[in-house]
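A.B. asks: Just the structure for this:
(one chain, ligands or ions: 1)
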Amino acid sequence: MATSKPRISFEYFPPKTAEGREKLLQVTTPALNALDPAFFSVTYGAGGTTRDTTCGVVSTMRASGIDVAPHLSFGGDDEAAVGALIDTYVERGINRLVALRGDMPSGMGGASQLVYANELVAFIRERSGDHFHIEVAAYPEIHPEASSYDSDIRYLKGKLDAGANSAITQYFFNVEAYFYFLDRCNAAGIDKPIYAGIMPIINFTNLARFSRNCGAEIPRWICQRIEGFGNDQASIRSFGIEVVTQLCQTLLDSGAPGIHFYTMNQVEPTREIYRNLGL
Ligand code: FAD
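C.D. replies: Prediction:
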């Protein structure tokens, strides 16, 4: 059983339009902030494509007193550009980062040009010392490009040894995959917290496509159940909330240190799941 209050955090992506940004900052953020999360995080577009929007959203949130972590990767940028962005975050009072290798957007080259997350973590530490609490990514069902289960855990350890404080997982629906992964990480000498990343079921078609790309398995029984609902969106929604609430409850009851919700910039269903958990 978890003995202390689990850490809860909420992830956004930077909106593409001025209206989307306004809604995120004026409507979504106050509603989710009322749930008293440890922090928010804002993703960084593949290849650095959202450099300005990510920086803009986190700066505005931070200026209103909210604890927020920009995601960061080298993308196609050089050390001068990434270093300048890190300096900007320091100046603006941001003290958390999520450090990633990231992916190249399609058409912009392959993974060979990307800088591994452990190198980025080392770069951030060299540039800014202990200023930031750094999170890295972890994959209970293993990163799709990993050469093996054990090597992926070795590289996760490398990111944490380079100076990251904790990890957040890719989303998953198989609770056994997460706890088995924690056991293997522990056996490999990892002693830093690995928070569970949880994706509420919002748009099943998009979720199924995205899951194929990122290597997250949606169990057959969930797919079958949702397909059985056809176009009945209300039933899909309530089944999705029930399944994800149960997943989170099992995680917390079994000692997961906390949950990072991939909110998809929506208040519901994250808030409903959160309330179901009695947090
Ligand atoms: P790395 O840890 O660098 O690993 C990448 C691959 O290389 C793995 O297969 C690993 O086994 C292997 N590897 C790692 N280190 C080494 C090494 N030193 N030498 C050789 N091989 C190595 N993507 C975005 O574009 N923007 C985001 O904001 C974003 N946020 C995310 C947040 C979370 C919590 C998670 C879980 C993922 C996020 N992603 C994001 C997706 C992520 O960028 C991709 O999964 C990407 O393919 C890998 O990034 P990473 O930091 O895990 O890479």
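
A.B. asks: Spit out the contact partners of Leu24.
C.D. replies: For Leu24, the contact set (Cβ atoms under 8 Å, 6 or more residues apart in numbering) comprises 12, 15, 57, 265. C-beta here means a position set from N, CA and C on the backbone, and glycine is covered the same way.

A.B. asks: roughly how far apart are it and Val42?
C.D. replies: From Leu24 across to Val42, the span is 9 Å (Cβ to Cβ, to the nearest Å).

A.B. asks: Touching both of the two, which residues are there?
C.D. replies: Common neighbours of Leu24 and Val42 (criterion: Cβ under 8 Å, 6+ apart): 12, 57.

A.B. asks: And for Asp67, the neighbour number?
C.D. replies: Residues lying near Asp67 (other Cβ atoms under 10 Å) number 18.

A.B. asks: is it true that it touches Asn33?
C.D. replies: No - between Asp67 and Asn33 there is no contact under Cβ atoms under 8 Å: 9.7 Å.

A.B. asks: shared neighbours of those two, which are they?
C.D. replies: With contacts taken as Cβ under 8 Å, 6+ apart, Asp67 and Asn33 have Phe40 as neighbours in common.

A.B. asks: Just the element for the nearest residue to Ala138 once chain neighbours are set aside, please.
C.D. replies: With Cβ to Cβ, 6 or more residues apart in numbering as the criterion, Ala138 has its nearest non-adjacent residue at 4.0 Å, and that residue is Ala167. Per DSSP states H and E, Ala167 falls inside strand 166-169.

A.B. asks: Sheet partners, orientation included, of that strand?
C.D. replies: Strands that pair with strand 166-169, judged by DSSP bridges, come out as strand 133-138 (parallel), strand 194-198 (parallel).

A.B. asks: Please identify the residues of the stretch 151-279 of the chain in proximity to the ligand?
C.D. replies: Selection of the stretch 151-279 of the chain residues close to the ligand by Cβ under 6 Å from any ligand atom yields 151-152, 155, 158-159, 168-170, 197.

A.B. asks: pLDDT of the strand holding Ala167, averaged?
C.D. replies: What strand 166-169 shows for mean pLDDT is 98.

A.B. asks: Also compute the angle for the next helix or strand after that strand relative to strand 133-138, please.
C.D. replies: Proceeding N to C from strand 166-169, the next assigned helix or strand is helix 175-187, under DSSP H and E. For helix 175-187 against strand 133-138, the angle between stretch directions is 120 degrees (axes from the mean of the first three to the mean of the last three Cα atoms, to 10 degrees).

A.B. asks: helices or strands next to helix 175-187 in the packing?
C.D. replies: Using 3 or more Cβ pairs under 8 Å, 6 or more residues apart in numbering; DSSP states H and E as the contact test, the elements touching helix 175-187 are helix 149-161, strand 194-198, helix 233-253.

A.B. asks: Alpha carbons of the shortest one, as PDB, please.
C.D. replies: Listed in PDB are the C-alpha atoms of strand 194-198, where the atom choice follows Å, rounded to 0.1, in the frame of the first residue of the first chain:
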ATOM      1  CA  ILE A 194       8.900   5.700 -11.900                       C
ATOM      2  CA  TYR A 195       5.500   7.400 -12.100                       C
ATOM      3  CA  ALA A 196       2.800   5.700 -14.100                       C
ATOM      4  CA  GLY A 197       1.700   7.600 -17.200                       C
ATOM      5  CA  ILE A 198      -2.100   7.100 -17.800                       C
END
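
A.B. asks: chain center to the next helix or strand after that strand, what's the gap?
C.D. replies: Downstream of strand 194-198, the next assigned helix or strand under DSSP H and E is helix 204-214. Its chain's average C-alpha position is 16 Å from that of helix 204-214, according to Cα atoms, centre = their mean, to the nearest Å.

A.B. asks: what is the mean pLDDT for helix 204-214?
C.D. replies: Across helix 204-214, the average pLDDT comes to 92.

A.B. asks: Give me the buried positions along it.
C.D. replies: For helix 204-214, a neighbour-count test (16 or more other Cβ atoms under 10 Å) marks 204, 207, 211 as buried.
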